[in-house]
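Enquirer: Build the 3D model from these lines:
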Amino acid sequence: MAALLLGAVLLVAQPQLVPSRPAAAGTEAPDQPGQEELLQQVATLADDHLPDSAAPNGSARQLPQTIIIGVRKGGTRALLEMLSLHPDVAAAENEVHFFDWEEHYSHGLGWYLSQMPLSSPHQLTVEKTPAYFTSPKVPARVHSMNPAIRLLLILRDPSERVLSDYTQVFYNHVQKRKPYPSIEQVLVRDGRLNVDYKALNRSLYHVHMQNWLRFFPLHHIHIVDGDQLIRDPFPEIQKVERFLKLAPQIHASNFYFNKTKGFYCLRDGGRDRCLHESKGRAHPHVDPKLLSKLHEYFHEPNKKFFELVGRTFDWH
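Expert: Numbering: from 1, shown residues only. Purely as a prediction, here's the structure:
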């Protein structure tokens, strides 16, 4: 136990390193707690949490060595569930929203650590919060915690992601018996595409990627093809294993296509499980002319993103 606490103290007491790429002029320094405060938080965490959470097999909570940073409606839950098939992965069950929610971030790394699952020393701790990718302050904050962290970013065709984004919000309103505008009403304003619609902004991948690349080199960020993960998940998850330097433990037999749901489900130790019914919902019908406008809108941003990451995707 003493060694565990010492390790936690050393982790938060590391000197703050400069970003791996120069910050742009006028960029604010990451607003994170001071070192003395972090040390106190870890000490408090040890008093409040570790006696109850420590397990007899030597497992303990670790800050994540990998974070799934997004994107919203890109397939982050599917990616996390698939990655959880690996015996050397311990995944946080819920979205933590530590780096993007001010209330959570103000609690400090001690609180963040308390949200992580118990894991063995050889396991990789992973958390996923899709909002991280599009939150301006998050890259600097993650870098301040661990500049060597490995990041997973799962992306889908931007137009499809917009429709999935709308579908989720629409059904959330339906469940609460609240009205919500049609897809045409939110996408169009005065006969033109409504560029103020937040879902459109979330699909401008090059804008958000530039922010992350100011703090992390590209080889620290693995981009998962979310559309390919839906069509044929095994090859994509193999690439993730290699990126995380995990021994290949996930196999093609861990996936089976569920004809009723229309997507792949998981087979883990003889137990079959599928994503929640809220996943894979049918998108609303969109007028072909409006869909064409959407594709046209993302044409140039997609080209910029491809140039930025040195890779192309099969998007409209």
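Enquirer: where does H173 land in three-state SS?
Expert: helix (DSSP: H, G, I helix; E, B strand; the rest coil).
Enquirer: my guess is Y166 contacts A199, does it?
Expert: Yes. Contact status for Y166 versus A199: in contact at 6.1 Å, counting by C-beta atoms under 8 Å. From N, CA and C alone the C-beta is placed, and that goes for glycine too.
Enquirer: Please identify every residue contacting each of these two.
Expert: Jointly contacting Y166 and A199 under the rule C-beta atoms under 8 Å, 6 or more residues apart in numbering are V186.
Enquirer: quick one: buried residues of stretch 282-302?
Expert: 286, 293-294, 297-298, 301-302 (16 or more other C-beta atoms under 10 Å).
Enquirer: how far away is R231 from R192?
Expert: Between R231 and R192 the distance is 33 Å, computed by C-beta to C-beta, to the nearest Å.
Enquirer: At which residues are the helices of this protein located?
Expert: For the chain, the helices defined by DSSP state H cover 2-12, 35-48, 50-53, 76-83, 102-105, 109-114, 138-145, 158-175, 183-187, 198-202, 205-213, 226-231, 233-243, 288-309.
Enquirer: Nearest approach to R271 belongs to which of the ones you listed?
Expert: Of all those, helix 76-83 sits nearest to R271, with 12.6 Å by C-beta to C-beta.
Enquirer: Let me know the closest of the buried residues of stretch 282-302 to R141.
Expert: Distance to R141 across the buried residues of stretch 282-302 (C-beta to C-beta) is lowest for P301, with 25.3 Å.
Enquirer: per-residue pLDDT, the residue nearest to that closest one when sequence neighbours are not counted?
Expert: Nearest non-adjacent residue to P301, counting by C-beta to C-beta, 6 or more residues apart in numbering: L204, 5.1 Å away. Looking at L204, its pLDDT is 98.
Enquirer: Cross-check the contact I'm expecting between S114 and R61.
Expert: Yes. Applying C-beta under 8 Å, one finds S114 in contact with R61, separated by 6.8 Å.
Enquirer: of those two, who's got more company?
Expert: Neighbours were counted for S114 and for R61 using other C-beta atoms under 10 Å; R61 has more, 22 against 16.
Enquirer: just checking, that one touches L113?
Expert: Yes. Using C-beta under 8 Å, R61 is in contact with L113, at 5.4 Å.
Enquirer: which stretches of the protein have low pLDDT?
Expert: Per-residue confidence for the chain (pLDDT under 70) gives these ranges: 1-56, 276-281.
Enquirer: Surely A78 is in contact with L229?
Expert: Yes. The pair A78 / L229 is scored as a contact, 6.4 Å apart, by C-beta under 8 Å.
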